[in-house]
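[1] Predicted coordinates and the sequence they were generated for:
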Amino acid sequence: MSRLIYFAGSIRGGRDDVHLYQSLVQELRTYGTVLTEHVGDQGLSVQGEVSETGDKEIHDRDLDWLQQSHVVVAEVTVPSMGVGYELGRAVVMDKPVLCLFRPDCGRRLSAMIRGAKGPRFTVMDYRPDQIKTILDQFFSQTQIQT
Ligand SMILES: O=c1[nH]c(=O)n([C@H]2C[C@H](O)[C@@H](COP(=O)(O)O)O2)cc1CO
């Protein structure tokens with residue numbers, strides 16, 4: 001069975017890093033199916049998705065995808081309530097998690113993310129040119145049940 005990857009990145013928290021999300025989604029496609037490709041869509045604005053039935057539909061669909069996923073990768077440099085929430089839920093679901101943070105942004109990552117580090121929760125400081133190496137390392141070293 002193909003690996004299902006949940007990619008999380010800021011939407012209403014701010015789209016400053018959308019080009020990075022797009023590269024990450026592209027790279028992640030080489031490791032499996034990315035359920036949340038829309039997060040890296042440059043056409044998706046800070047308003048978020050337009051949904052007939054509103055935010056509940058987005059929330060319920062995403063939690064469904066999170067439940068189905070085998071692994072969660074989050075770009076956490078731009079602070080996002082939604083990404084923080086998804087990460088908390090992923091921990092409760094015992095999913096393997098990789099959080100990627102760019103220290104050159106000038107902010108400090110929340111202690112609730114950096115401090116969550118553990119055997120199933122990896123936090124990596126990175127530069128965009130290291131994406132390939134970091135993902136390779138993570139996917140080869142992490143036990144991912146499919
Ligand atoms: O339109 C949306 N679609 C969607 O899938 N999300 C999910 C996926 C992202 O990883 C995360 C972003 O949360 P936020 O919008 O609070 O930055 O929430 C969030 C929104 C808007 O909040």
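    Yes, it's here.
[2] Please state the backbone phi and psi of whatever residue of the chain ends up closest to the ligand?
    Residue nearest to the ligand within the chain: Gly82 (2.0 Å; CB to the nearest ligand atom). For glycine as for every other residue, the C-beta is placed from the backbone atoms N, C-alpha and C. According to degrees, to the nearest 10, the main-chain angles of Gly82 amount to phi -60, psi -40.
[3] now do the one 5 residues further on
    Reported as degrees, to the nearest 10, the phi and psi values for Leu87 are phi -70, psi -40.
[4] Next one: it from Gln42, what distance?
    24 Å (CB to CB, to the nearest Å).
[5] just to revisit the earlier point, show me the contacts for the residue of the chain closest to the ligand.
    Neighbouring residues of Gly82 by CB atoms under 8 Å, 6 or more residues apart in numbering: 8, 10-13.
[6] got TSV for these, with distance to the ligand too?
    Listed next are the contacts of Gly82 as TSV, based on distance: CB to the nearest ligand atom, whole Å:
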residue	distance to the ligand
Ala8	4
Ser10	4
Ile11	3
Arg12	3
Gly13	3
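[7] Pick out the most distant pair among those.
    Ala8 and Arg12 (12.8 Å; CB to CB).
[8] who has more neighbours, the two?
    Between Ala8 and Arg12, Ala8 has the larger neighbour count (other CB atoms under 10 Å), namely 25 against 13.
[9] Provide a list of residues in contact with the more buried one.
    Per CB under 8 Å, 6+ apart, neighbours of Ala8: 36, 39, 72-75, 80, 82-83, 86-87.
[10] So which residues on the protein come close to the ligand?
    8-13, 36, 39, 48-49, 58, 62, 80-83, 86 (CB under 6 Å from any ligand atom).
[11] Please indicate which of the residues you listed are buried?
    Among the residues of the chain next to the ligand, the ones that count as buried by 16 or more other CB atoms under 10 Å are 8-11, 13, 36, 39, 58, 62, 80, 82-83, 86.
[12] and which of these is nearest to Tyr126?
    When these are compared for distance to Tyr126 (CB to CB), Gly9 wins out at 13.8 Å.
[13] give me every residue that touches the closest one.
    17-18, 20-21, 24, 39-40, 74-75, 78, 80, 83.
[14] Could I get the phi/psi values of it?
    phi -160, psi 160.
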